[in-house]
Every structure is written in structure tokens, then in C-alpha cells.
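[1] Could you look at this predicted model? Sequence included:
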Amino acid sequence: MSPVYNKIILDNGLKIIAHRMPRMQSLSLGIWIKAGGRYENSANKGAAHFLEHLLFKGTKKYSCRQLKESIEGIGGSLNGFTSEELTCYLVKIPAIYSARALNLLSDMVINPTLPPLEIKKEKAVILEELKMYQDLPQSYVYELLDELLWPKQPLGLPIIGTIDSINRIGRKGLALFKEEYYTASNMVISAAGELDVRKLEDAVAKIFSRLPKKGDNIFLKVKEAQDGIRLKVFYKDTEQTHMALGFRGFKRDHPLRHALELLHIILGANMSSRLFNELREKRGLAYEIGTMVRRFYDTGAFLVHVGIDNRKVYNAIPLILKELNKTKDNLVSNDEFKRAKEFYIGQLKLGLEDTMEHMLWIGETTATLDRTYSLNEIITEVNSVKRDDIRQVARYLFKESNLNLSLIGPLKGAEAKIRKQLVLLVAQ
């Protein structure tokens, strides 16, 4: 455990991780639950996300309006999110109101009323949210890609659920989901900012110690067998074609995770990256292009996302694959390597100046890895990465048996042509 952070584990298994930032005026607080899209099946898909919405609709102590006004009325913000492996409820407030924030968040998590009328209304809201994402090709293209990366598995299904699964979810199912997964041993309370660590620990223990201890929440491990290119072309009359190229990558704590991050920075994380320079700056093929790294307990993914002029899709694909293949064949330059490390470390330093970002940083790693890294530990690990490590990562990722491509645009009858193009390109 890093001496930078204070960690305590209650008798029922709940973990508290805190970081005092004495020059800050704010405090950010989060309650993390090991429950998300991966803990569901096709029948209850979307339950974790639905439940997250419902916890803002009122508790035994506070109405929906009181929850929002109590935080926003002091200049704070209240929010939540659901991911594949976690649900988080979070608040950022002036530090003097820390007790209020903890009382509100904890009551949401422990004592929601799940009113039937709100469930009915929120179901309609979530269905509209689902339709919104499907109407946004830059968003929906990732959903199509996930289906290719992890077909017929919870990780390949949308976190929000489907129209059928959302309509099936009722109050009983939500209450059972909460009872099963919202247990003390599967919770982490994280805090960063101006705080008294001992008072926070005592307050959390007083509120949460009565929660039962159960075993760890579990989900199905992914199946990653793939023997060739997977392609999905979705016809839509759009002004540009949206493309997501995906390669399954490394799990969250893989030894080469920092080399993967540096590869991401070199290829597409900023305006000086290779893909941005080659496709946008040199050729004007795209306005938006970049890369992304996704990490999970037992797998991960490296993505390239781009919005392309409809007339230039067939020009862009080979250029992208060419840039990816360069990192397999050649070591990155010393200058590029140094700049990538400085960008990685610099972005981390800048982010951790913010109490919210710091709370998210320590909360996520504690909830997923039961480990909290200090900034100095990360800097040491990043500085130990060698240029050949990046080439090893590229050789692992960028191969035909690991290539998945989804496109949305006015590409009627284009799937066979794109597949043929991909086969020829990867064979070179």
C-alpha cells in the first residue's frame, strides 16, 4: 500500500481509500460497487444502469428533489455512472459540507425507495436514451464493434440494455439485483480533497458497518477465440462514415499496460500523433481521428475511431492499417518515445491536481485491483518501458486474427469490397 493514501477495511469487507489534499477547497467522494454490465445476462441486460438511475429518485430520508437541491444548493455536483465492471455514485462539494455529502450518497446506496411510478417513468427515459445513442453513429459504431469483439457475451452487449430487456425489468428484479450485488465486501468508498481522514473513516464505519458481508461478486470470463477478420457495415444515410477498428488487447494489470498506453499516445491520443498527422493534417480525410484503450479484469481492447468523408473510406482504411503496421515493423524513434512518456506522465500529473480526478483514480484501482498506485510508482513504471516493449505490443495486437471493424454510413453493398480490401492489406 502506498504511504500517500490512507486505506482501511471494515470488518464486513468494505474498503475506504482516502487522500488528503490540504490546499484544496473541495472534496470529492465516491461510492463504488462491483456491479455493471458484465454481471448481467441477456434477460436482465441493463439492470445495473437502470438501478443507478433509480437511486437518484429518492430515499427513506430524502426526496428526489431534496437530493439534488442539497448538493447543488451549496455549489456542488451529484452524479453517477455505470460501466462494464463498476457502478459509481459521486459528489464534489465545498469541503465544509463533507458530512452532508456522505449522508446523502450513503442513503442513496443503502435506502433507495425504488418507487413504482418512478420506475415506470425512468423506463421510458432509458428507452429514449437508448434511441438517442442509436441515432448517433459516432456512438452506435462502438456498440457494433463490441458485438464483434465479444459476440454473444455480456461484454459485447450494450450497458444500457436492449428494448426487450429494459421492458422486462421491474421493481422486483431491480430490488433483487441490488440485494445481490450492493454488499459491503463489494463496495469501496474513495475520497480526495480537504478532509480529516480519521473523521471520514469513523463516519463511514458508523453508516456502513451494518451492511452484510458476502462473497465477491463474479461474472463470466470472456471467450476470445477469433480466427479471422470480423466486419460489420451498417447502412445509414449520414454525411460522413463513422468507423471503429478494434483489436482485443490486455487486461487491466498486464505487465505491458504502460507500453500499450505509449503506443496509444504515439498513434492517436493527441494532435501530434501519427494517425492525426497522416489522415487529417497531410490528406484532409477526416476531422476527428484518434485511438482509445479499454481495460477490463480479464481482457481489453485497442480502438481506432474516425469520421471519414464518405467518398474516401477506401482511401482511409489502408492508410490507417499502414500506420499500425509500422509500429510492428520498426522501433519508434527516440524523440517520439520521449515525447510520449512526457505526455503520459504530464497528463497524469495535471489530472491528479483535481480532487474529482484523484478520487476516481484511487477509487477505480482499489475497486478493480485492490491496489492503489502512487504517482511516483507510475512514473517509475513508465520510465522503465523500452522501445521494444511498444513493438511487442503492436505485434501482439495488429494481426488478421485480431482485427474487428465496424462502419456506419451510406455504404450500401460495400461489405464484400471492404472485406476483400482488408484481406489484401493484412496479407502484405
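    Perfect, I can see it now. Residues are numbered from 1 along each chain as shown.
[2] residue ranges for the strands of the stretch 201-350 of the chain, please.
    For the stretch 201-350 of the chain, the strands defined by DSSP state E, counting those that start in this stretch occupy 230-235, 240-248, 286-295, 300-309.
[3] of all these, which lies closest to G193?
    With Cβ to Cβ as the measure, strand 286-295 is the member of the strands of the stretch 201-350 of the chain nearest G193 (25.8 Å). In short, each C-beta sits where N, CA and C put it, glycine included.
[4] Now do the buried residues in that closest one.
    Buried residues in strand 286-295, counted by 16 or more other Cβ atoms under 10 Å: A286, I289, G290, T291, V293, R294, R295.
[5] now that strand, how far from the centre of its chain.
    From the chain centre to the centre of strand 286-295 is a distance of 14 Å (Cα atoms, centre = their mean, to the nearest Å).
[6] Next: stretch 265-284.
    So, by Cα atoms, centre = their mean, the centroid of stretch 265-284 is 23 Å from its chain's centroid.
[7] next one: stretch 187-195
    Distance of stretch 187-195 from its chain centroid, counting by Cα atoms, centre = their mean, is 20 Å.
[8] low-scoring pLDDT stretches of the chain, where are they?
    1-3, 427-428 (pLDDT under 70).
[9] Tell me which residue is most central in it.
    S83 (5.8 Å; Cα atoms, centre = their mean).
[10] tell me the contacts of that residue?
    Listed by Cβ atoms under 8 Å, 6 or more residues apart in numbering, the contact partners of S83 are G36, G37, I159.
[11] can you list contacts of stretch 404-411?
    137, 140-142, 144-145, 148-149, 226, 229-238, 240-248, 308, 310, 313, 414, 418, 422.
[12] Any chance of a PyMOL selection covering the buried ones in the residues you listed?
    Restricted to buried positions by 16+ other Cβ under 10 Å, the PyMOL selection for these reads:
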select buried, resi 137+140+141+142+144+145+148+149+226+229+230+231+232+233+234+236+240+241+242+243+244+245+246+247+248+308+313+414+418+422
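[13] residues in contact with stretch 203-218?
    For stretch 203-218, the surrounding residues in contact (Cβ under 8 Å, 6+ apart) are 10-14, 16, 34-35, 39, 99, 102-103, 106, 110, 180-181, 183-187, 189.
[14] For these, which ChimeraX command selects only the ones that are buried?
    To isolate the buried subset of these in ChimeraX, counting by 16+ other Cβ under 10 Å, use the following:
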select :10,12,13,14,16,34,35,39,102,106,110,181,183,184,185,186,187,189
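[15] roughly how far apart are V125 and L51?
    Look at V125 and L51: by Cβ to Cβ, to the nearest Å, they are 14 Å apart.
[16] Look at these two and report which has more neighbours.
    More neighbours surround L51 than the other of V125 and L51, with 24 against 11 (other Cβ atoms under 10 Å).
[17] now the contacts of S83 as CSV including distance to A269, secondary structure and neighbour count?
    Output for the contacts of S83, formatted as CSV (distance: Cβ to Cβ, whole Å; DSSP: H, G, I helix; E, B strand; the rest coil; neighbours: other Cβ atoms under 10 Å):
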residue, distance to A269, secondary structure, neighbour count
G36, 25, coil, 24
G37, 25, helix, 26
I159, 24, coil, 21
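[18] Out of those residues, which comes closest to L195?
    Closest to L195, out of all of the contacts of S83 and judged by Cβ to Cβ, is G36, at 27.2 Å.
[19] Quick check: the closest one vs H254, distance?
    20 Å.
[20] Check K15 too.
    K15 is 23 Å from H254, by Cβ to Cβ.
[21] between the two, who's got more neighbours?
    Higher neighbour count among K15 and H254: K15, with 22 against 15, using other Cβ under 10 Å.
[22] Next one: the more buried one relative to I31, how far apart?
    Relative to I31, and taking Cβ to Cβ, K15 is found at 11 Å.
[23] Need the residues touching each of those two.
    Jointly contacting K15 and I31 under the rule Cβ under 8 Å, 6+ apart are M187, V188, I189.
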